[in-house]
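>>> sequence isn't available, so here's the structure alone:
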């Protein structure tokens, strides 16, 4: 039940941020993030997936990581320690397009290997989940 609730939370947060950003007129506009924060929603950690190979991403236990990808449907992932985080696939749901993401489950660190099925490229990153946003 906890995983189902967290999964729905991820979808709600990412949907709220994407919906807010779409209305601001530009992907680079910081007003989308501040609007989400003002509404009481924690803005997710947003990273360009292709720029993360070898990097460490730090995220609060009460937050999510939004992995921005050109084609969100071609990515899959293996989380080395699935007790720390779970991978949320990208794709279309309810007529909206969603990026893949990472949902923290408990404080700790794990390696995440993401694979692009269209060109067999991989991105390996370290996810560090901390007890804050």
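Done, it's in. For clarity, every value in this text was computed on a predicted model and none was experimentally measured.
>>> where does pLDDT dip in the chain?
Scanning the chain for pLDDT under 70 picks out the ranges 1-40, 133.
>>> in the chain, which spans are strands?
For the chain, the strands defined by DSSP state E occupy 45-48, 56-60, 65-68, 75-79, 85-88, 91-93, 96-98, 101-104, 108-116, 122-130.
>>> can you list the buried residues in the first one?
Okay, so that is strand 45-48. By neighbour count with 16 or more other C-beta atoms under 10 Å, strand 45-48 contains the buried residues 45-47. Placement of C-beta: from N, CA and C, glycine included.
>>> nearest to residue 98 among these?
Using C-beta to C-beta, residue 46 comes nearest to residue 98 of the buried residues of strand 45-48, at 12.7 Å.
>>> any idea what sits nearest the closest one, other than its immediate chain neighbours?
Leaving aside its sequence neighbours, residue 46 sits nearest to residue 66 (C-beta to C-beta, 6 or more residues apart in numbering; 4.6 Å).
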